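> One predicted model, sequence on top.
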Amino acid sequence: MNELEELFPIDIRTPSHVLARRAALHPDASFVGFIDRERRSIKSYTYNEFNDRVNSVANGLIAGGIQPGEKVMVMLPNSFEFVECFFALSRIGAVQVPTNFLYMAPQLQHVLSEAEPDALIVHESFVDRFAGLDQPSLRSRYIVGCPAEDPESYARLQSTRPSPVADLGTFNSTLSIMFTSGTTGRSKGVVVPHHQFVWGGFNWARIGGYTESDVNYMCTPMFHVAFYTFLGSSLVTGGSIVFTDWFSATHFWEEVRLAGATAFGYQGSIMQMLWKQPPLPHDRDNPVRVAIGAAAPPNIIRDFEQRFDLEIVEGFGMTENTIVTATLPGEERRLGSAGHALPGWQINVVNDNDEPVPPGEVGELVVRPLEPYVLATGYYRQPEATVQAWRNLWFHTGDAGALDADGYFYYSHRIKDAIRRRGENISALEVELAISEHPAVLECAVIAVPSELAEDDVKAVVVLRPNETVDPLDLLCFCEDRLPYYALPRYVEFRSALPKTPSQRVEKFRLREEHVSSNCWDSSAAGFVPKGHPSRQRASHTVQQAGGTRSAGHFEGGEQS
């Protein structure tokens, strides 16, 4: 047990309890700030000031009839109101349902129908989206941004007296129902206990070596589980956190410097987007010492660290378990690995029969907790999905990878992202990494599409950097030395943007639904035969394309394998 666990015994491991304890220990220490991007300034609150704000909102919610265990749907942009709602609902023992603010009517109806919230806290700009929806469980709503005299104004909660409120949440009660990004289909409500938030904060702080002098910078949506790791790690260490509205590659380092941030978290394509910004002489002139996250392209990690003078720590986590693997300060980092099991967790890699596979062999990552209530307790109102995911006393992540002999985990692919082509298994991630190395490519997504020869064909959806162009043939030639021939995409489609969740995860299920469109370039129809193909000829061949004739030594007629 380390000092954080000693400072916060298990019976007070709820967000609200920890905030109150920090407010008592360090009332005047800076806790939470928010960047005004237009004014280039930060408004911030101390622990004591913010604890008072939380008490006001908690008292207002109690006066409005919100009872322990009742569900409150929260649909707000990144804001102080989101953070104070988070703590206030924890304090009164209510269950919060943080909701993607980009959801439109169909997705909102799904959340309303599944969660059946008793109340709604919503920003005024989102209210119209609820018009016409079936919402019989809602008894009350509080609107952020509307005039204070409006009976439904959230400002009425904020103006309530900040008298102390007894904490009704417990470490083993439900903190939130978090609907997953839904990148592979319909969102499920993940039931998150209070202790999961605090334990995730403990481990994120361990990974980053955080102290009370550290400042976290967060630019991703607060309704995402990353909010729990960023906020939790600052809270348990007595440090501070600075938020902004959204991720902006052009404003990122300016805001990091403004905040004095010593750490930030990343996910999705954030690292790739930052890396592809034009190098500047002052890139190393920033206060960051560590960046923690997942899926940083291995080919840029060392150069990224050198360019920006910081350390990148890769980990693995998801909504159901927050963060379960990484390397700790002073331990050996292995390039391409997401580290080993963190305190409180056990991990393994298994086959389809849930049998452990040998080191180096790819299988499904399964995890289980060694501490109580640090893993989600199930999928809300989905008992069959819960039993399936939690079968055989392990939580099945749905992610494939391998362990080495020392227990370091190497992520391979999301199992539903696996592509099987001509008898070979292909990792979509590996193909994406190869394509992303091209200097003209900003980002890409690789999916399986039906093949006329059974199994799958590979399709790459590519976004180019501004003012860049590239011929799809040239792109495949670029990847020939980076991928086995069977992994090269058959189809390439260029787009201006990829469909994404607000947490910057690509919505691949949307791309799969489209299959092969008329905008796709077909390498097989173009007669492309890659290096390594058994039928490849040494002679040059002429390839007819939509835009004319091209001569190259790496093409030949015939079917692509």
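All right, it came through fine. Note that the structure is a prediction, hence the values are computed from the model and not measured. Numbers count the residues shown, from 1 in each chain.
> Please report how far the residue lying closest to Gly189 once chain neighbours are set aside lies from Leu433.
Leaving out its chain neighbours, the residue that sits closest to Gly189 by C-beta to C-beta, 6 or more residues apart in numbering is Tyr380, at 3.5 Å. (Each C-beta comes from the backbone N, C-alpha and C, glycine too.) Distance, Tyr380 to Leu433, by C-beta to C-beta, to the nearest Å: 35 Å.
> who touches the lengthiest helix in the chain?
In the chain, assigned by DSSP state H, the helix with the most residues is helix 47-63. When contacts are defined by C-beta atoms under 8 Å, 6 or more residues apart in numbering, helix 47-63 is touched by residues 16, 19-20, 22-23, 26-29, 31-32, 45, 72, 80, 83-85, 87-89, 91-92, 94, 119, 156-165, 238.
> coming back round to it: what does the residue nearest to Gly189 show for phi and psi?
Here is the backbone geometry of Tyr380 (degrees, to the nearest 10): phi -60, psi 120.
> Kindly report the same for Val83.
Main-chain dihedrals, Val83, degrees, to the nearest 10: phi -70, psi -40.
> hang on, isn't it packed against Phe31?
No. Counting by C-beta atoms under 8 Å, Val83 does not reach Phe31; the two are 9.4 Å apart.
> starting at the chain centroid, how far to stretch 469-488?
Distance of stretch 469-488 from its chain centroid, counting by C-alpha atoms, centre = their mean, to the nearest Å, is 29 Å.
> For it, buried residues please.
For stretch 469-488, a neighbour-count test (16 or more other C-beta atoms under 10 Å) marks 470, 472-473, 475-480, 482-483, 485-488 as buried.
> Out of these, which two sit at the greatest distance?
Val470 and Tyr486 (22.4 Å; C-beta to C-beta).
> Quick one, grab the pLDDT at the nearest residue to Val366 once chain neighbours are set aside.
Excluding the flanking residues, the one nearest Val366 by C-beta to C-beta, 6+ apart is Trp394, at 3.8 Å. We have a pLDDT of 98 for Trp394.
> What is the burial count for Trp394?
18 (other C-beta atoms under 10 Å).
> Which residues does the closest residue to Glu455 other than its chain neighbours form beta bridges with?
Nearest in space to Glu455, with sequence neighbours left out and distances taken as C-beta to C-beta, 6+ apart, is Arg420 at 5.0 Å. Note on Arg420: beta-bridge partners Asn425, judged by DSSP bridges.
> wait, doesn't Arg420 sit right on His413?
No. When contacts are counted by C-beta under 8 Å, Arg420 is not listed as touching His413 (11.7 Å).
> ok, back up a step: and the longest helix of the chain, average pLDDT?
Confidence for helix 47-63, expressed as mean pLDDT, is 98.
> Buried residues in it, which are they?
Result for helix 47-63 [16+ other C-beta under 10 Å]: buried residues 47, 49-62.
> wait, what's in contact with Arg495?
Arg495 touches 461-463, counting by C-beta under 8 Å, 6+ apart.
> so how far is Leu511 from it?
10 Å.
> anything in contact with each of those two?
Common contacts of Arg495 and Leu511 (C-beta under 8 Å, 6+ apart): Val461.
> Point out where the protein drops to low pLDDT.
For the chain, the stretches with pLDDT under 70 are 1, 181-186, 268, 502, 534-561.
> what's the next secondary structure element after the longest helix of the chain?
Moving toward the C-terminus from helix 47-63, the next helix or strand (DSSP states H and E) is strand 71-75.
> For that next one, list the C-alpha coordinates in PDB.
Coordinates of each C-alpha in strand 71-75 appear next as PDB, following Å, rounded to 0.1, in the frame of the first residue of the first chain:
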ATOM      1  CA  LYS A  71     -30.300   8.500 -12.400                       C
ATOM      2  CA  VAL A  72     -29.400  11.900 -13.800                       C
ATOM      3  CA  MET A  73     -28.600  12.300 -17.500                       C
ATOM      4  CA  VAL A  74     -25.800  14.900 -18.000                       C
ATOM      5  CA  MET A  75     -25.400  16.400 -21.500                       C
END
